[in-house]
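1. A predicted structure for the sequence below; I have some questions about it.
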Amino acid sequence: MKAIWNGQLIAESNDTVVVEGNHYFPRESLNKQYFQDSSATSFCPWKGQANYLDVVVNGQQNPGAAWTYLDPKPAAAEIKNRVAFWKGVEVGE
């Protein structure tokens, strides 16, 4: 699977986990130069607290376009240290 934003490949992996229709990429598969930590968080009753990452490509920022569960609840343990995308990030083969 590939994640592309603003014409740039930002993540690629043959090992994604699909939860609720979202592909969660291993954190190691991210092209780290395109990501910045964000202070934004949200809470899911069954997955726990999500932490967001901003995607920055060619000087353009997509705030909170990626999220991860650093310490998910047991029911979501398979997505620990994985990252999913939204906000215009194209995910596909």
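-> Great, that's in hand.
2. what residues are up against residue 76?
-> 19, 44, 46, 47, 48, 69 (Cβ atoms under 8 Å, 6 or more residues apart in numbering). For the C-beta atoms, the positions are set from N, CA and C on the backbone; glycine is no exception.
3. among the residues you listed, which pair sits farthest apart?
-> 19 and 48 (12.5 Å; Cβ to Cβ).
4. now for the host helix or strand of residue 64, which elements pack on it?
-> For residue 64, the enclosing helix or strand under DSSP states H and E is strand 60-68. Secondary-structure packing of strand 60-68 (3 or more Cβ pairs under 8 Å, 6 or more residues apart in numbering; DSSP states H and E): strand 35-44, strand 48-57, strand 82-85.
5. ok, residue 47 - how many residues close by?
-> 17 (other Cβ atoms under 10 Å).
6. does it touch residue 69 like I think?
-> Yes - the pair residue 47 / residue 69 is scored as a contact, 5.6 Å apart, by Cβ atoms under 8 Å.
7. overlap of the contact sets of these two?
-> 76, 79.
8. buried ones in stretch 81-90?
-> 82, 83, 84, 85, 89 (16 or more other Cβ atoms under 10 Å).
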